[in-house]
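Engineer: When you get a sec, could you give me coordinates for this:
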Amino acid sequence: MASLYPKKVGGKTYWYLREMGRVDGKPKMISERYLGSAADIAAAMEAREAAARPERTRHPAFGAVAAAWGLLEELGGAAGIDGETIDVIVAYGEERMLAELRDLLAGGRYRPPPGRRGAAEPRPGGNSGGRGAGRCAPGDAPRAWGGAAQAGAETHKPKRKPATLVATVADPLTISLTKRGRRVTALKAGTYVILVRDRASDHNFHLTGPGVDKVTSIGGKGTFRWAVKLAQGSYDYVCDQHASFMQGGLPVP
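Structural biologist: Model (predicted):
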């Protein structure tokens, strides 16, 4: 099993990666690799991320739709005029929705639902004008992916969706909490959705604070969605396996 070990030399801390194992039934260090100081490790991580970041990307066909959906989900997009929310689409099936949308776009058959504008004002002569709520012009094909087609003449007022935070834990030694791509340093009290991306089997993401104790498992990987209510106070997130240096604080004033 690999673990990080600190050594102090001249009052400064340096880190080593040690591989432990059993030899003749007894625990023994098999190998040791020098990693450097915390600043050295941070610089190496930044260089690696910069080298892996492409200058430009191309998303043909299905990739373009999937990329747009992923960005919308991460930013916590609000419902449109049809009232469809991200949670409704997730319940319906993201891959299923993306495949259907791709086919509609590729075949030139996609038609967005009509605007919900309430009852139309009657025209002289008794005929109603406009395309009021629940009415379609010939050829329109409104759809609701959750199977809950919107109908009625009232104006739709979507509920405000909780902001989405993105928690990431990954190799090498990375743990972060962001909102719209920026590191979170403080939040207002309230309800949030946390999209947890646990990308390393030797790490986990553990969030604790007033009324909250949410954790992913060490030894597993995956993407999880947490709904949390943050109260005034102080919250912490750590990797339990490497809590001394994979950690962060989140004040909620």
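Engineer: Without its sequence neighbours, what residue ends up closest to residue 17?
Structural biologist: residue 33 (4.4 Å; CB to CB, 6 or more residues apart in numbering). The C-beta positions use only the backbone N, C-alpha and C, and glycine is treated the same way.
Engineer: Please give me every residue in contact with that neighbour.
Structural biologist: 16-18 (CB atoms under 8 Å, 6 or more residues apart in numbering).
Engineer: and residue 107, how many neighbours does it have?
Structural biologist: By other CB atoms under 10 Å, the residues close to residue 107 number 8.
Engineer: returning to what we had before: mind giving me CSV with the contacts of residue 33 and columns for pLDDT and neighbour count?
Structural biologist: Listed next are the contacts of residue 33 as CSV, based on pLDDT from 0 to 100; neighbours: other CB atoms under 10 Å:
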residue, pLDDT, neighbour count
16, 85, 15
17, 85, 14
18, 83, 14
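Engineer: Of those, which is the nearest to residue 51?
Structural biologist: residue 17 (20.5 Å; CB to CB).
Engineer: next one: phi and psi at residue 184?
Structural biologist: phi -80, psi 120 (degrees, to the nearest 10).
Engineer: what sits against it?
Structural biologist: So residue 184 contacts 165, 177-178, 250 (CB under 8 Å, 6+ apart).
Engineer: On the three-state scheme, residue 47 is what?
Structural biologist: Here residue 47 is recorded as helix under DSSP: H, G, I helix; E, B strand; the rest coil.
Engineer: actually residue 27, not the one I typed
Structural biologist: Going by three-state DSSP: residue 27 is strand.
Engineer: State the distance from it to residue 20.
Structural biologist: Distance of residue 27 to residue 20, computed by CB to CB, to the nearest Å: 6 Å.
Engineer: One more: residue 181?
Structural biologist: 38 Å.
Engineer: between these two, which one's more packed in?
Structural biologist: residue 20 (14 against 9).
Engineer: give me the beta-bridge partners of that one?
Structural biologist: residue 29 (DSSP bridges).
Engineer: wouldn't it be in contact with residue 32 here?
Structural biologist: No. Counting by CB atoms under 8 Å, residue 20 does not reach residue 32; the two are 10.0 Å apart.
Engineer: Excluding sequence neighbours, find me the nearest residue to residue 183.
Structural biologist: Here the residue nearest residue 183, using CB to CB, 6+ apart, is residue 176, at 6.4 Å.
Engineer: That neighbour looks like it's in a strand, true?
Structural biologist: Yes. Residue state for residue 176 (three-state DSSP) corresponds to a strand.
Engineer: which strand residues sit across from it in the sheet?
Structural biologist: residue 168.
Engineer: mind giving me the domain ranges of this protein?
Structural biologist: 2-52, 56-116+141-149, 163-252 (automatic domain parsing).
Engineer: any idea where the strands of the protein begin and end?
Structural biologist: 2-9, 12-23, 26-36, 163-170, 174-179, 182-183, 190-198, 206-209, 212-215, 222-230, 233-238, 247-252 (DSSP state E).
Engineer: which one of the contacts of residue 184 is nearest residue 68?
Structural biologist: Nearest member of the contacts of residue 184 to residue 68, counting by CB to CB, is residue 178, at 19.2 Å.
Engineer: which residues touch the closest one?
Structural biologist: Counting by CB under 8 Å, 6+ apart, residue 178 has contacts 165-166, 168, 184.
Engineer: Quick check: PyMOL command selecting the buried ones in these.
Structural biologist: Buried residues within these, by 16 or more other CB atoms under 10 Å, are selected in PyMOL with:
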select buried, resi 165+166+168+184
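Engineer: can you put the contacts of residue 178 in JSON lines and add pLDDT and distance to residue 70?
Structural biologist: Formatted as JSON lines, those follow (pLDDT from 0 to 100; distance: CB to CB, whole Å):
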{"residue": "165", "pLDDT": "93", "distance to residue 70": "15"}
{"residue": "166", "pLDDT": "93", "distance to residue 70": "11"}
{"residue": "168", "pLDDT": "93", "distance to residue 70": "14"}
{"residue": "184", "pLDDT": "93", "distance to residue 70": "19"}
